[in-house]
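K.L.:
Sequence isn't available, so here's the structure alone:
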């Protein structure tokens, strides 16, 4: 009963919060309408001051100007943070004397956090100084989701017939009105629950055995709030939310699940309000929740199917798998967290995914490969709309009607961009996985033989391409080969789809709205939700099924059949 409540309570709270928070997002980002939104009285003067001090312009941008602004800003941030990582050994706020990062690792880490991936090829508390954690990592944990949320809102405005807006205005509003205030509230809550929040050095304690041990602490509470809210996922400590200082108990575990979902679960309803088609927003939201619930059921059942390898040794026969999990969380809570973190593309972990049973590992991989079961802040919802457009287009072809979306015709120009974007994701995952498996540089890091070793490689590149950041941690990935290749995958997997969807929004913005007729396919009815799910799963299955068959599926067959 307690386990059921720990899974049900955050979902129920999210269902209650999603609508008002979604409408709040719509109000603050639909500023072209001229309507005042909550917080204007206090925040507009501050936002204008920031813009004036920065010397930024606030004029409406076309899609190319918007794209240039976000690319230039993000690339500059990557360069600055890269230098901080390379010089952290000689910079202040380094009480533990952490050495400067090696070049390829600094390259990987800077790109990782600026692309909202947070793939960590270093061990959190021992790899970064306090300065790097606060000015480098924490800074990017705000900047990366703010970038994606800004682009998502510009995309929604574009496809609904409104001007794209201005990147800098969207970026600043994402921080001042969404990320910062919520992070402050939850940061205080996490500190109250027992997470450290200090700039002091490690605490020296005497253990029960009489040994002396140094325990790492730091500004963890503030770090955790934006880590989960921004779908960042990178841990302050090497073991992430498995560490008691990052996840003290069941309450903190539930709060982290709520934070991971908060923005992503609310975006469909924000889209519904901004588009004037509230029902379509609810249909897309319901479809994503249905896929999430199905995947969660598979993952939880997988962890309760036992571990045949352990049972052969006479250990844990007929019991749920506790391998790689914290005793303070049940297997159900661990599996649910794993599905949540990959469905929202957060990447935080409260258990080691490398030890998940094959079915659970398959679900986490599928979430990242599809990248539409909510997905990360902003970027995930744009993928959802991309699949919705594909569903409309394919259905239109089958029934002989011109496909329309939000009253605009979907033609070859949009579908070519969408097709290229759709193909990019599997090309990055499967192409680089093949490269790693075919070369000595890639093979040298694989620590598991057979099918599980293949899953390790595919998981790493799936995590990088989907900007997730979690990993099958048995992989020895801190090498120049893995640092450089995953850095490339993260950069391309992040920015090329953002550019493509801005181009689609621009294309639809230029078209005239077509009045509804009897031949118009309705996208605000349950049947469309079913078509969306079918299209997502079929396209994903056709693309990734062969890779999954030689990885987790083959592992499941060898263990359980």
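P.N.:
Good, I have the coordinates. Worth saying up front: this structure is predicted, and the values here are computed from it rather than measured.

K.L.:
these two touch, right, residue 495 and residue 71?
P.N.:
Yes: between residue 495 and residue 71 there is a contact at 6.5 Å, judged by C-beta atoms under 8 Å. Using the backbone N, CA and C atoms, a C-beta is placed for each residue, glycine as well.

K.L.:
quick one: which helix or strand includes residue 182?
P.N.:
Taking DSSP states H and E as the criterion, residue 182 maps to helix 180-192.

K.L.:
What lies in contact with that helix?
P.N.:
Under the contact criterion C-beta atoms under 8 Å, 6 or more residues apart in numbering, helix 180-192 has outside partners 142, 197, 220-222, 224-226, 228-229, 252, 255, 259, 262.

K.L.:
go again using 6 Å as the cut-off
P.N.:
With C-beta atoms under 6 Å, 6 or more residues apart in numbering as the contact definition, helix 180-192 has outside contacts at 197, 221-222, 224-226, 229.

K.L.:
Name the helix or strand of this structure that has the lowest mean pLDDT.
P.N.:
helix 308-311 (a mean of 61; mean pLDDT, DSSP states H and E).

K.L.:
Contacts for the very next helix or strand once past that one, please.
P.N.:
Next helix or strand after helix 308-311 toward the C-terminus (DSSP H and E): helix 331-343. Here helix 331-343 makes contact (C-beta under 6 Å, 6+ apart) with 3, 6-7, 257, 260, 292, 295-296, 299-300, 303, 320, 325, 348, 350-351, 360, 363-364, 367-368, 373-374.

K.L.:
Quick one: distance of helix 331-343 to the chain centre.
P.N.:
14 Å (C-alpha atoms, centre = their mean, to the nearest Å).

K.L.:
buried set for it?
P.N.:
With burial defined by 16 or more other C-beta atoms under 10 Å, the residues of helix 331-343 counted as buried are 331-343.

K.L.:
And for residue 285, nearest residue in space, chain neighbours not counted?
P.N.:
Counting by C-beta to C-beta, 6 or more residues apart in numbering, residue 268 is the residue found nearest to residue 285 once chain neighbours are left out, at 4.0 Å.

K.L.:
And whichever strand or helix holds that neighbour, what does it pack against?
P.N.:
Assigned by DSSP H and E, residue 268 falls within helix 250-275. If you count contacts as 3 or more C-beta pairs under 6 Å, 6 or more residues apart in numbering; DSSP states H and E, helix 250-275 packs onto helix 2-29, helix 220-229, helix 278-303.

K.L.:
Buried deepest among the ones you listed, which one?
P.N.:
Each of the helices and strands packed on helix 250-275 was scored by mean neighbour count; the highest is helix 220-229, a mean of 26, by mean count of other C-beta atoms under 10 Å.

K.L.:
ok, residue 495 and residue 71, which is more surrounded?
P.N.:
Per other C-beta atoms under 10 Å, whichever of residue 495 and residue 71 has more neighbours is residue 495, with 19 against 15.

K.L.:
now the more buried one: how far from residue 4?
P.N.:
For residue 495, the distance to residue 4 equals 41 Å [C-beta to C-beta, to the nearest Å].

K.L.:
Next one, pLDDT for residue 317 please.
P.N.:
Residue 317 carries a pLDDT score of 51 in this model.

K.L.:
my bad, should have said residue 208
P.N.:
pLDDT, read off for residue 208, is 83.

K.L.:
Assumed it was part of a strand.
P.N.:
No: using DSSP: H, G, I helix; E, B strand; the rest coil, the secondary structure at residue 208 is coil, not a strand.

K.L.:
burial measure for it, as a count.
P.N.:
Residues near residue 208, counting by other C-beta under 10 Å: 5.

K.L.:
ok, now residue 415?
P.N.:
16.

K.L.:
Okay, it and residue 379: tell me how far apart.
P.N.:
Where residue 379 is concerned, residue 415 sits at a distance of 20 Å (C-beta to C-beta).

K.L.:
Point to the residue nearest the middle of the protein.
P.N.:
residue 345 (2.3 Å; C-alpha atoms, centre = their mean).

K.L.:
on that earlier part again, now distance to residue 114 and mean pLDDT too, for the helices and strands packed on helix 250-275, in a markdown table please.
P.N.:
Shown next, in a markdown table, are the helices and strands packed on helix 250-275 (distance: least, C-beta to C-beta, whole Å; pLDDT from 0 to 100):
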| stretch | distance to residue 114 | mean pLDDT |
| --- | --- | --- |
| helix 2-29 | 22 | 91 |
| helix 220-229 | 14 | 93 |
| helix 278-303 | 26 | 94 |
